[in-house]
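Student: Model the structure of this input:
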Amino acid sequence: MTDSEDWDRDVVEPVLRVLHQAGVAVTADVVATNLDAVLDDAPTAVEVDAALAELDEDNFVRPFADTDDYYVITDRGSGHVSNELDEEGFGFVD
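Tutor: Next up, the predicted model:
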């Protein structure tokens, strides 16, 4: 992943986890809503959208079909999340 500032990383990792667990294409609003349900200081939809753009540049997510509104996680993104979950031993509850 690119050298992100801490606030970016605080948004990027949770966004990847939501996409990994969703397993389907979702919008920034859907990701933000889900994060709001589990985090005390959840990112806004604007912050999630910025994180998705960064993740797209790094091939961790990709736009779904011909739309820029919906994203899915790539194999690279899923591998990253799986490694992070193994290291930490916990993740969001399904």
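
Student: Please count neighbours and contacts with C-alpha atoms only from this point.
Tutor: Noted.

Student: List the contacts of the most far-flung residue of the chain relative to its centre.
Tutor: What lies farthest from the middle of the chain is residue 66; by C-alpha atoms, centre = their mean that is 19.6 Å. Shown in contact with residue 66 (C-alpha atoms under 8 Å, 6 or more residues apart in numbering): no residues.

Student: just so I have it, where are all the helices in this structure?
Tutor: 6-22, 28-38, 45-57, 75-88 (DSSP state H).

Student: okay, the ones you listed in a markdown table with mean pLDDT and mean neighbour count next?
Tutor: As requested, the helices of the chain are exported to a markdown table (pLDDT from 0 to 100; neighbours: other C-alpha atoms under 10 Å):
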| stretch | mean pLDDT | mean neighbour count |
| --- | --- | --- |
| helix 6-22 | 82 | 18 |
| helix 28-38 | 93 | 17 |
| helix 45-57 | 93 | 19 |
| helix 75-88 | 79 | 15 |
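
Student: give me phi/psi at the residue farthest from the centre of the chain?
Tutor: Torsion angles at residue 66 (phi, psi; degrees, to the nearest 10) stand at phi -100, psi 30.

Student: measure residue 38 to residue 76 for me?
Tutor: Applying C-alpha to C-alpha, to the nearest Å, the value for residue 38 to residue 76 is 24 Å.

Student: likewise residue 19?
Tutor: Taking C-alpha to C-alpha, one finds residue 19 at 12 Å from residue 76.
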